[in-house]
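# What would the 3D arrangement of this be:
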Amino acid sequence: MYQKRCYTVKGMHCASCEVLIEKNLVKIPGVMSADASMKKGQVTIEFDGNPPDAKRLSESIAEHGYKVLDNGVAAVDDEPVPGSLLKTLLIAGLVMAVFYFLYRSGLSSVLSVNNNSALPAFVVFGVLAGFSSCAALVGGIILAMSKQWLGLYAPEATTRQKLQPHVMFNLGRLVSYAVFGALLGVVGSVFKPSLTLTTLLTLVVAIFMVILGLQMLGVRSLRNFQFRLPKSLTGRVADETRFKGRYMPLVMGALTFFLPCGFTITAQSLALLSGSAVRGGLIMLFFALGTLPALMAIGYSSVALTRQKQRAGIFLRVAGIVVLFFALFNINWQFNLLGWPSLSDISLKSHAAVTKQSDQKNDDEQLPPIVEGKQIVKMDVTSSKYSPDRLVARAGTPVQWEITDAGMSGCSSTLVAKDFFSGVTQLTQGGTKVIEFTPTKPGTYKFSCGMGMVRGTFVIVES
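Predicted coordinates for the structure are as follows:
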């Protein structure tokens, strides 16, 4: 079993120093990992065999102007105390169950917003987002980064001080949502990223969440992984020699505007339709204000539950499991958008297996009627499902797809069917959206909401 020791290091003056020290120390035979803290002036070494000598450690980092001052003291093991595994699983299971209930319950249908809604309605809309899909994406990022953000502060720092990164993260969200919302109100189409770009961006974020989630669970090979923004991109805002990396959360919060949460897409679309910089900016600002309580609650829990060693160990593991759970959801949703095989296919195949016999016997009844040369396909949309979620049409004949609002909200108010038309289509609130296309090749194709959460299949058969 590996052991740990903490060593005092002289010469660390910026967060980038930590990277140099860690990279050099792990090259020493027997050193499995190194975790340097500029704030504490220490480095924690995980080693196999005899403890590394301070002189040998100093020699490995001397070229950069650093020096190890003593032979170190045994570090407190951060493995969970006996019995904490059961607590971890129970708490993580409860959190995931609550999220899944909110995700499947369709509670978002209690509020439907449009371009003429009063601004306070967007606050409530944001609250719903904060406790559903935004929790899976943005809340997952906060949990994933909590360990690194806490490392910026000494153990004796107050809760108020440790909450600073979370305050900056949400401040960055508020400012960017207001600014970009105003831009959308004027020339929104210029700033509207493509579906492929946002999908790939979300996949990158999900992979990043997986790495940090595994890091929280104690995977040794990932312990030295740190997320830092390149100075060439962030300039003075993320200048670690001046600000010690503490303004990075501000930038990260601002960039969440471009992450495709279904509720966010709806708000962005309404800001675009507003045709006004003031109205567009206020719509997005009030929406971001609504997400604030849930995201700050997640941030506060990550700080408050780490003040005691036992709680800290349990919290990190609960957070790690929840982050992996959220990452799995996001990866699955993006696979739906790209039309790739996903976990959602299990339920779709199960449904198809049940209806397969009747489909084969009643092909003529399944096929839509043709009116004036077009196949009329009708579908209702609620906040959590399509009805029906399995559609049939003939190849080579134009389709008139009539999609009616039956209580849609959030993600379900947008539609993606990349095999039939490009981009994300905004559905009509309180009415029927008509989409026309001509299927050319028989097969089974997926379609989904703009985030991949709600999905269905379109079966194209030979005419």
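# only C-alpha atoms for contact and neighbour calcs from this point on.
Fine.
# Check the spacing between F286 and I91 real quick.
Separation of F286 from I91 (C-alpha to C-alpha, to the nearest Å): 32 Å.
# what about the closest residue to G396 other than its chain neighbours, neighbour count?
For G396, ignoring the flanking residues on the chain, the nearest one in space by C-alpha to C-alpha, 6 or more residues apart in numbering is T440 at 5.1 Å. Per other C-alpha atoms under 10 Å, the neighbour tally for T440 reads 16.
# didn't T440 look like it was pressed against P398?
No - the pair T440 and P398 does not pass the contact test of C-alpha atoms under 8 Å, sitting 9.3 Å apart.
# one step back: next one: phi and psi at the residue nearest to G396?
phi -110, psi -20 (degrees, to the nearest 10).
# Can you read off the pLDDT for it?
Looking at T440, its pLDDT reads 93.
# what about it, distance to S409?
For T440, the distance to S409 (C-alpha to C-alpha) stands at 31 Å.
# in the helix or strand containing G253, what's buried?
Taking DSSP states H and E as the criterion, G253 maps to helix 248-255. By 16 or more other C-alpha atoms under 10 Å, the buried positions in helix 248-255 come out as 248-254.
# cool, stretch 437-457 as well?
438-440, 445-457.
# Need the distance between the two termini of that stretch.
16 Å.
# on that earlier part again, from the buried residues of stretch 437-457, which ones fall inside strands?
445-448, 455-457 (DSSP state E).
# between the residues you listed, which is closest to E63?
S448 (55.8 Å; C-alpha to C-alpha).
# Without its sequence neighbours, what residue ends up closest to that closest one?
S448 sits nearest to R455 (C-alpha to C-alpha, 6+ apart), 4.0 Å away.
# Likewise for L201?
L201 sits nearest to L259 (C-alpha to C-alpha, 6+ apart), 7.4 Å away.
# With M12 instead?
Going by C-alpha to C-alpha, 6+ apart, M12 has M38 as its nearest residue, at 5.6 Å.
# just to revisit the earlier point, can you tell me which member of the buried residues of helix 248-255 has the lowest pLDDT score?
Where pLDDT dips furthest among the buried residues of helix 248-255: M248, at 81.
# Where do the helices of the stretch 1-150 of the chain begin and end?
Secondary structure of the stretch 1-150 of the chain (DSSP state H, counting those that start in this stretch): helices at 15-25, 54-61, 84-105, 119-130, 133-134, 140-150.
# could you say what helices and strands the second one packs with?
Applying 3 or more C-alpha pairs under 8 Å, 6 or more residues apart in numbering; DSSP states H and E, we find helix 54-61 packed against helix 15-25, strand 67-68.
# Pick the most deeply packed of these.
Mean neighbours per residue, mean count of other C-alpha atoms under 10 Å, is largest over these for strand 67-68, with a mean of 22.
# how many other residues sit next to V31?
V31 has 20 nearby residues by other C-alpha under 10 Å.
# what does the helix or strand harbouring L197 contact?
If you go by DSSP H and E, L197 is part of helix 195-216. With C-alpha atoms under 8 Å, 6 or more residues apart in numbering as the contact definition, helix 195-216 has outside contacts at 140-141, 144-145, 147, 222-223, 258-260, 316-317, 319-324, 327-328, 330-331, 334, 337-338, 423-424.
# Would you agree S412 is in contact with S384?
Yes - the pair S412 / S384 is scored as a contact, 6.8 Å apart, by C-alpha under 8 Å.
# which neighbours do the two share?
V454.
# if you count what's nearby, which of these two comes out ahead?
S412 (29 against 22).
# which residue packs closest to that one, ignoring adjacent ones?
S412 sits nearest to C449 (C-alpha to C-alpha, 6+ apart), 5.0 Å away.
# Pull up the per-residue confidence for that neighbour.
88.
# which residues does it contact?
262, 411-416, 455.
# Equivalent analysis for K10, please.
41, 66-69.
# any idea which of these is closest to L343?
G41 (46.2 Å).
# what's the closest one sitting at in phi/psi?
Dihedral angles for G41 - degrees, to the nearest 10 - are phi 70, psi 30.
# For it, give me its contacts.
G41 sits in contact with 8-10, 12, where contact means C-alpha under 8 Å, 6+ apart.
# what's next to stretch 128-137, contact-wise?
Residues contacting stretch 128-137 (C-alpha under 8 Å, 6+ apart): 99, 102-103, 108, 261-264, 290-295, 326-327, 329-330, 410.
# Out of those residues, list just those in helices.
Residues of the contacts of stretch 128-137 located in helices (DSSP state H): 99, 102-103, 262-264, 290-295, 326-327, 329-330.
# Geometric centre of this structure: which residue is closest?
By C-alpha atoms, centre = their mean, the chain has its centre lying nearest to L137, at 2.3 Å.
# And that one, how far from N330?
On the measure of C-alpha to C-alpha, L137 and N330 end up 7 Å apart.
# Pull out the buried positions in stretch 404-419.
404-418.
# Could you do stretch 47-58 as well?
47, 51-52, 54, 57-58.
# which one of those sits closest to L25?
L57 (6.7 Å).
# Wait, the closest one touches L69, no?
No - using C-alpha under 8 Å, L57 makes no contact with L69, being 9.6 Å away.
# Name the residues contacting each of those two.
With C-alpha under 8 Å, 6+ apart as the test, L57 and L69 reach no residue in common.
# okay, the residue located most distally from the centre of the chain: pLDDT?
Going by C-alpha atoms, centre = their mean, the residue of the chain most distant from its centre is E372, 45.4 Å out. pLDDT for E372: 94.
# same deal with K361?
48.
# cool, and D48?
Reported pLDDT for D48: 80.
# Kindly report the same for M284.
M284 is given a pLDDT of 95.
# One more: G126?
G126 is given a pLDDT of 88.
# D35 contacts I45, doesn't it?
Yes - using C-alpha under 8 Å, D35 is in contact with I45, at 6.6 Å.
# The two: which is more packed in?
Taking neighbours as other C-alpha under 10 Å, D35 and I45 compare with I45 leading, 26 against 20.
# so what's the residue lying closest to the more buried one once chain neighbours are set aside up against?
Leaving aside its chain neighbours, I45 sits nearest to A34 (4.7 Å; criterion: C-alpha to C-alpha, 6+ apart). For A34, the contact set (C-alpha under 8 Å, 6+ apart) comprises 22-23, 25-26, 43-46, 224.
# Check A271 too.
115, 181-182, 184-185, 279-281, 283-284 are the contacts of A271 under C-alpha under 8 Å, 6+ apart.
# Now those residues in TSV, please, with extra columns for distance to L86, secondary structure and neighbour count.
Formatted as TSV, these follow (distance: C-alpha to C-alpha, whole Å; DSSP: H, G, I helix; E, B strand; the rest coil; neighbours: other C-alpha atoms under 10 Å):
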residue	distance to L86	secondary structure	neighbour count
N115	48	coil	17
G181	45	helix	30
A182	49	helix	26
L184	48	helix	28
G185	51	helix	25
R279	50	helix	23
G280	48	helix	30
G281	47	helix	27
I283	44	helix	30
M284	42	helix	32
